[in-house]
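Colleague: got a sequence here, can you build the structure:
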Amino acid sequence: MPTPLPALIVVDVQRAFDEWEAAGKRRNNPDAVARIVDLLAAFRTSRAPIFHIRHEGTRPNSSFLPSRSGYAVKDEAREKDGEPVIVKRVNSAFIGTDLEQRLRDAGIATLVICGVTTNHCVETTTRMAGNLGFDARLVRDATWTFDRIGPDGDAHSAEEIHAMTLSNLNGEFARIVTTAEVIASFAAK
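Modeller: Residues are numbered from 1 along each chain as shown. The predicted model follows:
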């Protein structure tokens with residue numbers, strides 16, 4: 001029987017992204033980490049399951065190599081005792097990990113997903129969660145991305161990439177929600 005409580009999936013809230021910003025990459029949603037902190041507090045207070053995802057780089061120049069400072073999790077989003085940390089090497093938290101099995105074994109049907117970056121690891125994990133039959137909820141104000149240049153040299157702002165990713169996922173792969181809506185759902189139980 002599925003647990004009535006959702007699980008929080010915190011994707012790649014690692015220091016590498018701070019380093020990217022310090023090097024001049026521009027991001028959207030500057031309050032996303034504060035919203036992730038709010039989600040962690042709500043899930044901990046409700047004793048709902050939390051899974052922390054870490055990206056481990058495989059390329060020699062990756063910011064996410066375990067030997068580099070960028071691999072470390074941001075202090076604000078650090079796991080507490082008993083909260084599992086799952087290390088992945090690709091975009092999806094489900095590929096090459098035991099995340100799906102852990103969720104199934106615990107009877108978890110609903111996933112609340114937050115983290116970095118909206119259009120890479122968060123999107124891929126969310127798509128797979130939906131495809132695997134989980135009730136996925138992506139928290140729009142608890143994720144962010146960076147400006148990018150497209151294949152034709154066109155500049156795309158982090159805001160438009162974020163918005164398009166949410167649009168692509170909405171309805172088919174996940175429900176798009178806010179931190180306030182997630183926290184309110186705990187109060188309603």
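Colleague: which strand runs longest in the protein?
Modeller: strand 135-144 (DSSP state E).
Colleague: okay, now the sheet partners of that one, with direction.
Modeller: With DSSP bridges as the test, strand 135-144 is paired with strand 110-116 (parallel), strand 175-177 (parallel).
Colleague: same list, these, but as CSV with distance to residue 135, mean pLDDT and mean neighbour count please.
Modeller: From N, CA and C alone the C-beta is placed, and that goes for glycine too. Formatted as CSV, those follow (distance: least, C-beta to C-beta, whole Å; pLDDT from 0 to 100; neighbours: other C-beta atoms under 10 Å):
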stretch, distance to residue 135, mean pLDDT, mean neighbour count
strand 110-116, 4, 98, 27
strand 175-177, 8, 98, 17
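Colleague: okay if I get the ones you listed as JSON lines plus distance to residue 43?
Modeller: Output for these, formatted as JSON lines (distance: least, C-beta to C-beta, whole Å):
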{"stretch": "strand 110-116", "distance to residue 43": "8"}
{"stretch": "strand 175-177", "distance to residue 43": "14"}
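Colleague: out of those, which comes closest to residue 140?
Modeller: strand 175-177 (5.3 Å; C-beta to C-beta).
Colleague: now the element after the closest one, going C-ward?
Modeller: Per DSSP states H and E, the first helix or strand lying C-terminal to strand 175-177 is helix 179-187.
Colleague: show me what counts as buried in that following helix.
Modeller: 179, 182-183, 185 (16 or more other C-beta atoms under 10 Å).
Colleague: so which of the residues you listed sits lowest on pLDDT?
Modeller: Minimum pLDDT for the buried residues of helix 179-187 is recorded at residue 185 (92).
Colleague: related to what we said a few turns ago, which of the buried residues of helix 179-187 sit farthest apart?
Modeller: Pairwise distances across the buried residues of helix 179-187 (C-beta to C-beta) peak at 10.8 Å, for the pair 179 and 185.
Colleague: can you tell me how far residue 55 is from residue 158?
Modeller: Look at residue 55 and residue 158: by C-beta to C-beta, to the nearest Å, they are 19 Å apart.
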